[in-house]
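A.B. asks: Dropping the sequence and predicted coords here.
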Amino acid sequence: MKNKDTLFAAPVAQMGNFSFDENVAEVFPDMIKRSVPGYSNIISAIGMITARFAKENTRLYDLGCSLGAATLEMRRNVSLAGCEIIAVDNSSAMVERCQLHLDAYKGEVPVKVQCADICDIKIENASLVVLNFTLQFVPKAERHALIKKIYQGLVPGGVLVLSEKFHFDNDVTHNVLFELHHDFKRANGYSELEISQKRSALEDVMVPDTVEQNKQRLQQAGFEHVELWFQCFNFGSMVAIK
Ligand SMILES: C[S@@+](CC[C@H](N)C(=O)[O-])C[C@H]1O[C@@H](n2cnc3c(N)ncnc32)[C@H](O)[C@@H]1O
Ligand SMILES: O=C(O)C(=O)C[C@]1(C(=O)O)C=C[C@@H](O)C=C1
């Protein structure tokens, strides 16, 4: 198969931190599909949510866009006048390839791809903001300010889609759901070595919160209407409506 993820297949002598570099960008579509249960369902649903929530003369943001899977789905589902999609990622390897993917297909709505830290950008006049498995990589101390900025940048009735890996307070269910995720990876062809090496590479880089912590943060930022709309094992997606 073209661009199969084998990054952790051979023993790594000195495990560094996971980063979204050229090597990861090259295999990313295969990696995320085989690693995140429900990923394709969530991408399709982002299209449906876009069709329902996008408003004329507003912006739609995809924060931590990687190769633009969500961006493309958003663009396929909006043709309203005056809409603009802003796709942001701080990995230049991702942003360069995202631009190529977007150029390969035609769309009615313009897309601006930006290489920037999502904690530093302005969010304005947004009817939809997508954080699809991105917040978990933002330092914990910066998450509240980012969610607050998104809330303030949304128009009334605007929506944030927040997909994350979750941690659970109950040790028993936490362990079961984590093991089921590993079963999912095994079923998708990852070896024990690949699973354990990737887990240590991600340890200090990706720090999941519980569903409740995410809900509380959204509510503290001002969102009144917050719901988990999808969950598969320890991965899920929420909507927060202004
Ligand atoms: C798991 S991937 C997101 C997948 C993508 N949203 C999708 O649906 O295919 C996380 C992405 O977030 C980006 N990222 C992490 N922290 C970021 C930050 N502070 N600013 C911008 N991008 C960030 C990474 O470079 C990476 O491409
Ligand atoms: O938790 C894991 O084992 C993962 O591989 C998850 C995850 C993610 O949720 O973003 C981590 C890094 C890659 O971007 C793809 C998937």
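C.D. replies: Looks like it arrived, so ask away. Residues are numbered from 1 along each chain as shown. Ligands and ions are numbered 1, 2, ... in the order given.
A.B. asks: Mind listing what's buried along the helix or strand bottoming out on mean pLDDT in the chain?
C.D. replies: Lowest on mean pLDDT, DSSP states H and E among the helices and strands of the chain sits helix 192-202, with a mean of 91. Buried residues in helix 192-202, counted by 16 or more other C-beta atoms under 10 Å: 194, 197, 198, 199, 201, 202. All C-beta spots, glycine's among them, are computed from the backbone N, C-alpha and C.
A.B. asks: How about that helix and ligand 1, touching?
C.D. replies: No - figure legend: helix 192-202 not in contact with ligand 1 (C-beta under 6 Å from any ligand atom); closest approach 10.4 Å.
A.B. asks: just stretch 73-92 next, same as before
C.D. replies: Yes - counting by C-beta under 6 Å from any ligand atom, ligand 1 is contacted by stretch 73-92 at 88, 89, 90, 91.
A.B. asks: where does the closest residue in space to the third one that isn't next to it in sequence fall, helix, sheet strand or coil?
C.D. replies: Once flanking residues are discounted, residue 90 sits nearest to residue 117: 4.8 Å by C-beta to C-beta, 6 or more residues apart in numbering. Under DSSP: H, G, I helix; E, B strand; the rest coil, residue 117 falls in the coil class.
A.B. asks: Please apply the same query to residue 228.
C.D. replies: strand.
A.B. asks: ok, now which ones touch it?
C.D. replies: 211, 215, 236, 237, 238 (C-beta atoms under 8 Å, 6 or more residues apart in numbering).
A.B. asks: roughly how far apart are the residue in the chain that ligand 2 sits nearest to and residue 181?
C.D. replies: Across the chain, the shortest distance to ligand 2 (C-beta to the nearest ligand atom) belongs to residue 35, at 3.5 Å. Counting by C-beta to C-beta, to the nearest Å, the gap from residue 35 to residue 181 is 9 Å.
A.B. asks: Show me what counts as buried in the strand ranked longest in the chain.
C.D. replies: For the chain, the strand with the greatest residue count under DSSP state E is strand 154-165. When burial is assessed from 16+ other C-beta under 10 Å, strand 154-165 yields the following buried residues: 154, 155, 158, 159, 160, 161, 162, 163, 164, 165.
A.B. asks: Ok, stretch 119-129 next?
C.D. replies: 121, 123, 126, 127, 128, 129.
A.B. asks: Can you name the residues of the protein that neighbour ligand 2?
C.D. replies: 31, 32, 35, 36, 133, 165, 198, 202, 206.
A.B. asks: quick check, nearest of these to ligand 1?
C.D. replies: Using C-beta to the nearest ligand atom, those come closest to ligand 1 at residue 133, 3.9 Å.
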